[in-house]
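Student: all I have is the shape, not the residue letters:
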């Protein structure tokens, strides 16, 4: 079982991920990874020496082709596997962002995303079904 927890902030060095719940022309943007049949919210790992906002900007472009957008931090979240049998059940932290995309350019070549889909609601087949709905709900509440 996965537990998602939300925080106002944590120490910067704890932030490993940026996830960007994004809309374009009143549709939610979901990505399909080349190696999976499921969909996910744009986002990814923070690179060494990168600040978390730079991570969010880079991941949004790499995974959607977005070239013009408004990016707003929502909150910090953490994910922890509560299954005691899992060796690596430590809490990992990410920054959740909301983006209103104005321009979607061409998908950049050479990255892991096969395609994006613009949807009215979350797809049934999610890559992280125990995490993504909680992040989406948090953003919907944030923008309401």
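Tutor: Arrived safely. In this text the structure is predicted, and so the values were computed from the model without any measurement. Numbers count the residues shown, from 1 in each chain.

Student: rounded mean pLDDT for stretch 23-32, please.
Tutor: Throughout stretch 23-32, pLDDT has a mean value of 97.

Student: swap that for stretch 114-125, please
Tutor: On average, stretch 114-125 scores 95.

Student: what's opposite the nearest residue to residue 118 once chain neighbours are set aside in the beta bridge?
Tutor: Counting by Cβ to Cβ, 6 or more residues apart in numbering, the nearest residue to residue 118 once its immediate chain neighbours are dropped is residue 27, at 3.7 Å. The C-beta positions use only the backbone N, C-alpha and C, and glycine is treated the same way. Residues in a beta bridge with residue 27, per DSSP bridges, are residue 24.

Student: equivalent analysis for the one 5 residues further on, please.
Tutor: Using DSSP bridges, the bridge partners assigned to residue 32 are residue 39, residue 115.

Student: that one contacts residue 107, correct?
Tutor: No: using Cβ atoms under 8 Å, residue 32 is not in contact with residue 107; the gap is 11.1 Å.

Student: name the residues contacting each of the two.
Tutor: In the contact map built from Cβ atoms under 8 Å, 6 or more residues apart in numbering, the residues linked to both residue 32 and residue 107 are 113, 115, 116.

Student: just the buried ones from the residues you listed?
Tutor: Under a neighbour-count criterion of 16 or more other Cβ atoms under 10 Å, the subset of the shared contacts of residue 32 and residue 107 counted as buried comprises 113, 116.

Student: can I get the shared contacts of residue 32 and residue 107 in a markdown table with distance to residue 135?
Tutor: As requested, the shared contacts of residue 32 and residue 107 are arranged in a markdown table below (distance: Cβ to Cβ, whole Å):
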| residue | distance to residue 135 |
| --- | --- |
| 113 | 18 |
| 115 | 21 |
| 116 | 17 |
